[in-house]
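Participant: here is the input, now give the coordinates:
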Amino acid sequence: MQPSVLTMDRLGSSRLTDHMLIAATVTTGLVAGLLFGFACAVMPGLSRVDDAAFVAVMQSINRRIRNGAFLACFVGAPVLTVAALVLEFVGDGHDVLPIVCAVLLTGVSYLITSAVNVPLNNAVDAAGALEPSAVRARFEARWVRWNIARTLASAGAFGALVWAVAVS
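Facilitator: Numbering: from 1, shown residues only. Reported below is the predicted structural model:
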């Protein structure tokens, strides 16, 4: 007879919690990787183009990033991480520390995203025919700086989830 998904294994962690942790780890890793890609390649590459190209490319990225795959991971990562935490608390609660760390670090990354990066993206999108050099001057340095901060938080959340998987 196959054990139930909700039966507890010898380590006190449910298979459902393990599956939730794995899903949270994968989605968080994908988000962290996307942010890292911007920090290491996209923005350094764009730093070498003229102002009009910079603004046009950022506007294009802003429109294209709103897609199902990105949104599934971006929304899924915190939801799955919180769900894993709840399931761990409902279980034996023994391995909550790394999941709590992941929830907090994900929260920091999403707070930065919603308070800084998204408003800057919206401002670039709304710039329209404004002078590209002025748009870029108000956007680039601040966006890059805060992207690095949210990348570090997101990578930390990913690391904490890897830790949680390792101890589960």
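
Participant: what sits against Leu35?
Facilitator: Listed by Cβ atoms under 8 Å, 6 or more residues apart in numbering, the contact set of Leu35 reads Ser109, Asn147, Arg150, Thr151, Ser154, Ala155. Any C-beta I mention is one placed from the backbone N, CA and C, and that applies to glycine too.

Participant: a markdown table for those residues, including secondary structure, distance to Val55 and neighbour count?
Facilitator: Written out in a markdown table, the entries for these read as follows (DSSP: H, G, I helix; E, B strand; the rest coil; distance: Cβ to Cβ, whole Å; neighbours: other Cβ atoms under 10 Å):
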| residue | secondary structure | distance to Val55 | neighbour count |
| --- | --- | --- | --- |
| Ser109 | helix | 25 | 26 |
| Asn147 | helix | 17 | 21 |
| Arg150 | helix | 22 | 23 |
| Thr151 | helix | 22 | 22 |
| Ser154 | helix | 26 | 27 |
| Ala155 | helix | 28 | 20 |
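
Participant: and which of these is nearest Val162?
Facilitator: The shortest distance between Val162 and any of the contacts of Leu35, using Cβ to Cβ, involves Ala155 and amounts to 10.5 Å.

Participant: show the pLDDT at that closest one.
Facilitator: The per-residue pLDDT reported for Ala155 equals 98.

Participant: and what of Ser13?
Facilitator: Note on Ser13: pLDDT of 51.
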